[in-house]
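[1] pasting the sequence and the predicted coordinates here, then a few questions.
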Amino acid sequence: MGGLFLDVWIAYLIKLILRSLRGWGSSSWQLVKCKIESSLFDKSWAFNCPTVYITYAYDFEGQSYYGEDSKPFLNTSFAKERVERFRPGEMAMVKVNPRQPQKSILK
């Protein structure tokens, strides 16, 4: 059981670091409204940690783009709250890289 617990923590930390790197330098990016397309809670615990996957669509300078966001959790109730917060069809905000508008971060 201890090995499985350690695997979950390692997976969580790796996913958290990768998520942080995706947002590196995004403080000056433009805020844009987006529409949530899907929100999925993957409850897998074996060699993984629960993760919420969200896809969204946004327009930037007359072009349409799609983005994906994934966020790991150690607590399933927090993951469920994120799914409830980002329901399909609802609006949210993303930060868009003005030089590469296909790159965005869900706020």
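    Received the coordinates, thanks.
[2] give me the next element, helix or strand, following the lowest-mean-pLDDT helix or strand in the chain.
    Within the chain, judged by mean pLDDT, DSSP states H and E, the helix or strand with the poorest mean is helix 2-22; its value is a mean of 71. Towards the C-terminus, the helix or strand next in line after helix 2-22, according to DSSP states H and E, is strand 30-42.
[3] just to check, residue 64 is in contact with residue 57?
    Yes: Residue 64 is within contact range of residue 57, at 6.5 Å (criterion: Cβ atoms under 8 Å). No exception for glycine: its C-beta is placed from N, CA and C like everyone else's.
[4] next, count neighbours for the residue lying closest to residue 43 once chain neighbours are set aside.
    Distances taken as Cβ to Cβ, 6 or more residues apart in numbering put residue 50 closest to residue 43, at 5.5 Å, once the chain neighbours are dropped. Using other Cβ atoms under 10 Å, residue 50 is surrounded by 22 other residues.
[5] ok, back up a step: quick one, which of residue 64 and residue 57 is more surrounded?
    When residue 64 and residue 57 are compared on other Cβ under 10 Å, the one with more neighbours turns out to be residue 57, at 13 against 8.
[6] contacts for the strand or helix carrying the more buried one?
    Element membership for residue 57 (DSSP H and E) is strand 51-60. The set of residues external to strand 51-60 that reach it, using Cβ atoms under 8 Å, 6 or more residues apart in numbering, is 15, 30, 32-42, 44, 64-73, 79, 82-83, 86, 92, 94, 96, 101, 104, 106.
[7] please indicate which of those are buried?
    A residue is treated as buried here by neighbour count (16 or more other Cβ atoms under 10 Å); on that basis the buried members of the contacts of strand 51-60 are 15, 32, 34, 36, 39, 41, 65, 67, 69-73, 79, 82, 86, 92, 94, 96, 101, 104, 106.
[8] tell me who's in contact with the closest residue to residue 69 other than its chain neighbours.
    What sits nearest to residue 69 in space, not counting adjacent residues and going by Cβ to Cβ, 6+ apart, is residue 106, at 4.0 Å. With contacts defined as Cβ under 8 Å, 6+ apart, residue 106 is in contact with 34, 54, 56, 67, 69, 86, 92-94.
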